[in-house]
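**Q** This is a predicted model, with the sequence first.
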Amino acid sequence: MRKIDIHNLIDNAKLNRFHWTVIFWCALIIIFDGYDLVIYGVVLPLLMDKWHLTPLEAGTLGSYALFGMMFGALIFGTLSDRIGRKKAIIICIFLFSGFTFINGFAETPLQFGILRFLAGLGIGGVMPNAVALMTEYAPKKVRSTLVTLMFSGYSVGGMLSAGLGIFLIPNFGWQSVFYVGLVPILLLPLIIKFLPDSVGFLAKQNRTDEAKKILSLIEPTYIPKQGDVLDSGEAKAAGASVNQLFKHNRTVSTIMFWVAFFTCLLMVYGLNSWLPKLMTKAGYELGSSLTFLLVLNIGAMAGAIGGGWLGDRFNLKTVLISFFAVAAISLSLLGFKSSTMVLYILIAIAGATTIGTQILCYTYVAQFYPINIRSSGIGWASGTGRLGAILGPILGGALMGLELPFQFNFVAFAIPGAIGALAVCFINVKHSQERKAQVQQQEMAALNTIVAEE
């Protein structure tokens, strides 16, 4: 009988076709997730004219999806620790894809808001599960890079939303960009076939044959044998998984993660909702304003991948603090008159260090919590952070309604960046260091295990 350490095997595996398959499907899901989310900022100027919305009403309408995302992250982040990542992801795809498509048929702000809330349940629920799944399968040496590479699909979705908006809206109306949201449901049969579930979850559910098959794909040198015992290296948490987030020196860190997510998501969704409108107000045409949104998400993708690369080579916490600080500076500078080229550069940097920072936050929190409460940890950080996401569009609408000087709109979104940097400073890495030491002990024990074949 052999004892197989799942984490040790995955951590030391070489990047292969299996890993790229997981990255591809998770990234594709996140691309459409990002598309469905950013779509509101694309159609916002048109909806304000169509339904005669005040800035505050428009900001509140934009927050309906974010309320849904908050509940979706809390519900599906915790639920997936019980039913598995794959099932939770499939349910979320049905929600965000189906209701985004139906959103194109909305005739009143109330109908639009309700449908956005229902789509938000899926948008918010799929994020923590995709991150948790990718974290569990990524080799240790490139974990941050692979997770951020996968999550950069969010920025690709944002670019796709802005790019299609430039083409579709003038030719087919604002509803057309919502109809595109049906594509993920059409892809579900392929997702069900090719996307694996968490190997740790399969082992806990005694679905050992499935788990062994996946492990052999992760590490081809592993040949499953009858009687192999799979060890996830994690003791089953006693009590509710949410309570576990505050045990073992995790209380301060958990709260600081929530603050960091709150401030980061406030910046992200405030900008995604109001950047086109702010630029339209500054004198740019709608097409040019949507180009700014496109540049924001191009910068976000570069920031996410670059941040993941830096996180694997340096301290991820230090990289995250730096990103928050640069976000605050770049957003402050956006409020001052500059040449178009400088403006594009600042917006790209803002995208890299706001949306990019959000992706790094997910990566950091995923690596902080153990596997048995990982989705719960990500889900609750994301869910409570959604309060910031909800506040972002409302804050933008309130500022627009007050008719303050142009630069004040951006300074208001820069302040949360400074607060987020301080919050990350107080995250306690002691628990993570203790866990790493425990994993190293398990690896040494695995090397010294006497293999006895029956």
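**A** Good, I have the coordinates.

**Q** The residue nearest to the spatial centre of the chain is in what secondary structure piece?
**A** The residue lying closest to the centre of the chain (Cα atoms, centre = their mean) is residue 127, at 4.7 Å. Assigned by DSSP states H and E, residue 127 belongs to helix 109-137.

**Q** All the helices of the stretch 1-150 of the chain, residue numbers only.
**A** In the stretch 1-150 of the chain, the helices defined using DSSP state H, counting those that start in this stretch lie at 6-11, 17-51, 55-83, 85-103, 109-137, 143-151.

**Q** Compile the ones you listed into CSV and extend it with columns for distance to residue 378 and mean pLDDT.
**A** The C-beta positions use only the backbone N, C-alpha and C, and glycine is treated the same way. As requested, those are arranged in CSV below (distance: least, Cβ to Cβ, whole Å; pLDDT from 0 to 100):
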stretch, distance to residue 378, mean pLDDT
helix 6-11, 18, 80
helix 17-51, 14, 86
helix 55-83, 6, 81
helix 85-103, 11, 92
helix 109-137, 4, 88
helix 143-151, 11, 81
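
**Q** right, and those - which one's nearest residue 195?
**A** When those are ranked by distance to residue 195, counting by Cβ to Cβ, first place goes to helix 17-51 at 4.6 Å.

**Q** end to end, how far does stretch 99-109 reach?
**A** Taking Cα to Cα, to the nearest Å, the span from the opening residue of stretch 99-109 to its closing residue is 15 Å.

**Q** and what of stretch 44-62?
**A** 8 Å.

**Q** Contacts for that stretch, please.
**A** Residues from elsewhere that reach stretch 44-62 (Cβ atoms under 8 Å, 6 or more residues apart in numbering): 40-41, 108-109, 112-113, 116, 169, 174, 269, 273-274, 276-277, 280, 286, 289, 393-398, 400-401.

**Q** let's see it at 6 Å
**A** Counting by Cβ atoms under 6 Å, 6 or more residues apart in numbering, stretch 44-62 makes contact with 40, 109, 113, 174, 273, 277, 280, 286, 393-394, 396-398, 400-401, all of which sit outside it.

**Q** again with stretch 316-334
**A** With Cβ under 6 Å, 6+ apart as the criterion, stretch 316-334 contacts 144, 307, 310-311, 346, 349-350, 353-354, 357, 360, 364, 410-411, 413-414, 417-418, 420-421, 424.

**Q** Give the buried residues for it.
**A** Neighbour counts over stretch 316-334 (16 or more other Cβ atoms under 10 Å) mark 316-317, 319-328, 330-334 as buried.

**Q** any idea of the angle the helix or strand where residue 341 lies forms with helix 143-151?
**A** Take DSSP H and E as the rule and residue 341 turns out to sit in helix 340-368. Compare the direction of helix 340-368 with that of helix 143-151 by axes from the mean of the first three to the mean of the last three Cα atoms, to 10 degrees and you get 120 degrees.

**Q** Next, the buried residues of helix 340-368.
**A** Along helix 340-368, the positions that meet the burial threshold by neighbour count (16+ other Cβ under 10 Å) are 343-368.

**Q** Check which element follows that helix along the chain.
**A** As assigned by DSSP H and E, the chain's next helix or strand after helix 340-368 is helix 374-402.

**Q** Average pLDDT for the next helix or strand after that following helix, rounded please.
**A** Beyond helix 374-402 in the direction of the C-terminus, DSSP H and E gives the next helix or strand as helix 406-425. When the per-residue pLDDT values of helix 406-425 are averaged, the result is 85.

**Q** then helix 406-425 to CSV, C-alphas only?
**A** Below are the C-alpha coordinates for helix 406-425, written out as CSV (Å, rounded to 0.1, in the frame of the first residue of the first chain):
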residue,chain,number,x,y,z
PHE,A,406,-13.3,67.0,-12.9
GLN,A,407,-10.2,65.9,-11.0
PHE,A,408,-12.2,65.3,-7.8
ASN,A,409,-13.9,62.4,-9.4
PHE,A,410,-10.6,60.5,-9.8
VAL,A,411,-9.1,61.6,-6.5
ALA,A,412,-12.2,60.0,-4.8
PHE,A,413,-11.3,56.7,-6.4
ALA,A,414,-7.6,57.0,-5.6
ILE,A,415,-8.1,57.2,-1.8
PRO,A,416,-9.2,53.6,-1.5
GLY,A,417,-6.0,52.5,-3.2
ALA,A,418,-4.0,54.0,-0.3
ILE,A,419,-6.3,52.3,2.2
GLY,A,420,-5.9,49.0,0.4
ALA,A,421,-2.1,49.2,0.6
LEU,A,422,-2.3,49.7,4.4
ALA,A,423,-4.6,46.8,4.8
VAL,A,424,-2.3,44.4,3.0
CYS,A,425,0.6,45.6,5.2
